[in-house]
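Novice: For reference, the sequence and a predicted model appear below.
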Amino acid sequence: AAAAGLLLGLGLLARETFYLIIPSALLVLLFKSIRQKNFKPLLILSATLALTLSPLVLRNAAAGVGWLSTSNRFAENFIEGNAPSATPASFSIPYELGDILNRSGGGIEAVIHETLATHRQDPGGWGRLQFRKIVALFDPYEPPDNLSLYYLADISPFVRFGLPHWLIFIPGLGGLLLGIWKRDRRQGWLWIFLACLLAGILFTTVLSRYRQSLALLWIPWAGWFLVVCRDALQNKSLLRFSLAAAFLLLGWRFCLQPHPCFRPAQAYHRSTEYRLAAVIYEKRGQPEKARESLNKLSDKMPV
């Protein structure tokens with residue numbers, strides 16, 4: 001319990017998603033404590049969590065901000081992911097951002113209210129935007145933010161030969177669906193974490209570095225799904241194995257097919273990283289490296 005409280009506290013200091021995970025974990029443990037009539041683990045976890053977060057609380061009290069404030073980016077992120085002109089899986093600034101911030105003053109509750117109010121003329125618009133975000137989880141495209149993964153793949157074998165998100169997402173989804181179908185309560189914590197992580201992603205845009213956090217769940221679910229496939233093959237249950245194989249192949253096919261939300265292959269690269277690398281090589285007195293970087297750019301994005 002003490003280790004869990006420490007990890008939850010450190011998690012909140014690192015990622016705002018833990019604003020959703022911590023209350024969910026405490027609520028589940030509260031129900032378990034009531035049922036088992038043993039509140040000691042809950043008290044230990046809560047005390048350790050409070051101790052871990054105490055430096056943050058003391059700093060915020062001295063600064064005159066909310067006790068658990070860790071970032072001032074919520075307002076812009078929520079608007080960028082939920083305004084009518086928001087894009088589901090790329091970083092862009094909606095034209096409504098300025099008006100929403102002026103009307104709301106940047107407060108969390110006011111920002112949520114004013115952003116959702118922009119959908120009054122088209123009440124279904126917000127729902128369609130969320131659906132496009134869900135579809136974007138299947139997209140093989142890795143939307144760049146601070147740095148493009150496709151540029152990194154050009155210079156790093158570790159990135160180039162890593163497992164792409166779409167490849168592990170489908171068997172992971174299969175494992176999730178199998179667990180729900182079998183009502184496997186052992187996966188209860190994974191289901192809770194999925195709801196929290198997915199909510200944290202969907203409140204903004206589905207950038208690559210955001211959806212990668214879901215790999216923490218897709219990996220164990222994918223492993224279980226593959227074990228089920230192996231057992232079906234060993235037990236000569238061809239029907240179960242065929243259904244699982246069909247799920248994998250159709251899922252991967254859907255990920256790789258052309259789709260309105262997906263990007264064409266030639267749009268995977270951007271010029272920023274290659275041009276910046278060329279400038280740095282020039283400053284270091286390596287003109288041949290600079291030319292090599294620009295040549296790669298010409299190959300990736302021919303004029």
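Specialist: The structure has been received and is ready for your questions.

Novice: switch to C-alpha atoms for all contacts and neighbour counts from now on
Specialist: Will do.

Novice: What residues of stretch 213-223 count as buried?
Specialist: Going by neighbour count (16 or more other Cα atoms under 10 Å), the buried part of stretch 213-223 is 214, 217-222.

Novice: Could you do stretch 33-47 as well?
Specialist: By 16+ other Cα under 10 Å, the buried positions in stretch 33-47 come out as 33, 41-47.

Novice: following the strand or helix carrying Ile79, which helix or strand shows up next?
Specialist: According to DSSP states H and E, Ile79 maps onto helix 74-82. Scanning forward in sequence from helix 74-82 by DSSP H and E, the next helix or strand is helix 97-104.

Novice: what comes up buried for stretch 108-115?
Specialist: Using 16+ other Cα under 10 Å as the test for burial, stretch 108-115 gives 110-112, 114-115.

Novice: That should have said stretch 121-135, apologies.
Specialist: 125-126, 129-130, 132-135.

Novice: C-alpha coordinates for it, PDB please?
Specialist: C-alpha atoms of stretch 121-135 as PDB (Å, rounded to 0.1, in the frame of the first residue of the first chain):
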ATOM      1  CA  GLN A 121     -25.600  25.200 -33.200                       C
ATOM      2  CA  ASP A 122     -24.500  21.600 -34.100                       C
ATOM      3  CA  PRO A 123     -25.100  19.500 -30.900                       C
ATOM      4  CA  GLY A 124     -23.800  16.300 -32.700                       C
ATOM      5  CA  GLY A 125     -20.600  18.000 -33.700                       C
ATOM      6  CA  TRP A 126     -18.800  17.300 -30.500                       C
ATOM      7  CA  GLY A 127     -19.800  13.600 -30.600                       C
ATOM      8  CA  ARG A 128     -18.600  13.200 -34.200                       C
ATOM      9  CA  LEU A 129     -15.300  14.800 -33.100                       C
ATOM     10  CA  GLN A 130     -14.900  12.200 -30.300                       C
ATOM     11  CA  PHE A 131     -15.700   9.400 -32.700                       C
ATOM     12  CA  ARG A 132     -13.000  10.700 -35.100                       C
ATOM     13  CA  LYS A 133     -10.500  10.600 -32.200                       C
ATOM     14  CA  ILE A 134     -11.400   6.900 -31.500                       C
ATOM     15  CA  VAL A 135     -10.900   6.100 -35.200                       C
END
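
Novice: tell me the centre residue of the protein?
Specialist: Arg211 (2.5 Å; Cα atoms, centre = their mean).

Novice: which non-adjacent residue is nearest that one?
Specialist: Nearest in space to Arg211, with sequence neighbours left out and distances taken as Cα to Cα, 6 or more residues apart in numbering, is Ile201 at 6.6 Å.
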